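>>> would you be able to build a 3D model of this:
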Amino acid sequence: MKILQVINGLNTGGAEKLLLDAIPLLNQQGVNVDLLILDDKEYPYLKELKKMKCCEIHTIGGGNIYNPLNVFKIIPFLKGYDIIHVHLFPAQYWVAIAKAISFASCKLIFTEHNTTNRRMKNIFFKYFDKVVYRIYNKIICISPEIRDILIKYTSLNPKKFEIIRNGIDIQKIKSAKRIDWIGINPTILDTDYIIIQVAGFRVQKDQKTTIKALSLLPKNVKLVLVGDGDLRSELETMAKSLHLDNRVFFLGIRLDVPNLLKSSYISVVSSHWEGMPLAAMEGMAAHIPVVASRVAGITELVENVGVLFEESDAVELASIITALIRNKDYYNEVSNRCSLYSQQFDIKKMIESIVTIYEKLSKS
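Purely as a prediction, here's the structure:
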């Protein structure tokens, strides 16, 4: 059984991080898994996967991932694998079209990582979305909410959908050692309270609300932003305009996130929408409070475990952070809840479920 994972690229993001963690484990389970990327830029995740030498990494040559001609570059790869497992748009479209016009015999799986996207609100794309989803043999949803939304949106048979929750390497996070913040930036003191947000710099992740909240907090509260993306310069300008450039630290894409989390005081997930954010799960596993926006894809994960605030409400976010800093008993209560709850997200459970689907589909 040969499996090809397909994704736009290995830039920063939850789906990308999931593949970085999952591919080596799948191969350890005896499943022959390779990777095809549309964007072959040498991002840190891609460099790390190459260093592991755990799979063949193919590329269609870079260029514009939204170019429809990518369909013809993908077709040759369909014939060498039993199952093609796709993540994210536009790879979702190009693989489905390539299968339809090539009549390849491989089976297709698509993992839906989000509760919503802009295509759902576009009349033109809504029609093509339904056609594309229909081409896939199985659609994996990372939460029950996503499954329910897609069943209604696509009108497809519910049997086409499977729920497999995201997983994280619990042991790696729990065993991670704390870092010395001064080694990263000498202006970060041992007495500072470090707020961390791990996310790509794009509209969905809403770092702006976290930066605004920081402006309402004491000077010994500092914010570490881990990630990169198109909005980085805009966020840096915003921090400077609020006179926070000495309290907001942009660390870029990092491979030592478990260490950074273990060295932080609070993890913030301030997204406008999500599927099942790895950042929240990893924060919980690091035994620190997770404070997150009350939106679809997050509420179900964090409610009654971490602390939720209303979407884009910087004042409420600042108030919650203040309460956690001032009340040590409350802080310990939340962090203990998070740590205990995180145990159910062990990546080994996710791998077992994926392998089961591969085996069933290959025999059908």
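
>>> what's the helix or strand for the nearest residue to Cys141 once chain neighbours are set aside?
Distances taken as C-beta to C-beta, 6 or more residues apart in numbering put Arg147 closest to Cys141, at 4.0 Å, once the chain neighbours are dropped. (C-beta placed from N, C-alpha, C; glycine too.) Assigned by DSSP states H and E, Arg147 belongs to helix 144-154.

>>> now for that helix, which elements pack on it?
helix 123-135, strand 138-141, strand 161-163 (3 or more C-beta pairs under 8 Å, 6 or more residues apart in numbering; DSSP states H and E).

>>> run a quick neighbour tally on the nearest residue to Gly297 once chain neighbours are set aside.
Among residues not flanking Gly297 along the chain, Glu274 sits closest, at 3.4 Å (C-beta to C-beta, 6+ apart). Using other C-beta atoms under 10 Å, Glu274 has 30 neighbouring residues.

>>> what residue ranges in this protein score low on pLDDT?
Judged against pLDDT under 70, the chain has no low-scoring part.

>>> which residues in the stretch 201-350 of the chain form strands?
Applying DSSP state E, counting those that start in this stretch to the stretch 201-350 of the chain gives strands spanning 221-226, 248-252, 266-269, 290-293, 307-309.

>>> correct me, but the residue nearest to Cys141 touches Tyr153?
No - with contacts counted by C-beta atoms under 8 Å, Arg147 stays clear of Tyr153, the gap being 10.6 Å.

>>> who's more crowded, the two?
The neighbour comparison of Arg147 against Tyr153 (other C-beta under 10 Å) goes to Arg147, with 19 against 15.

>>> contact partners for Lys73?
Lys73 makes contacts with Ile60, Gly61, as judged by C-beta atoms under 8 Å, 6 or more residues apart in numbering.

>>> quick check: longest helix of this structure.
Of all the segments of type helix in the chain, defined by DSSP state H, the longest one is helix 347-363.

>>> can you get me the start-to-end distance on stretch 197-217?
For stretch 197-217, the first-to-last residue distance is 16 Å (C-alpha to C-alpha, to the nearest Å).

>>> buried residues in that stretch?
Going by neighbour count (16 or more other C-beta atoms under 10 Å), the buried part of stretch 197-217 is 197-202, 205-215, 217.

>>> quick check: the residue lying closest to Gln29 once chain neighbours are set aside vs Val33, distance?
Spatial nearest neighbour of Gln29, excluding adjacent residues (C-beta to C-beta, 6+ apart): Val355 at 5.6 Å. Look at Val355 and Val33: by C-beta to C-beta, to the nearest Å, they are 10 Å apart.
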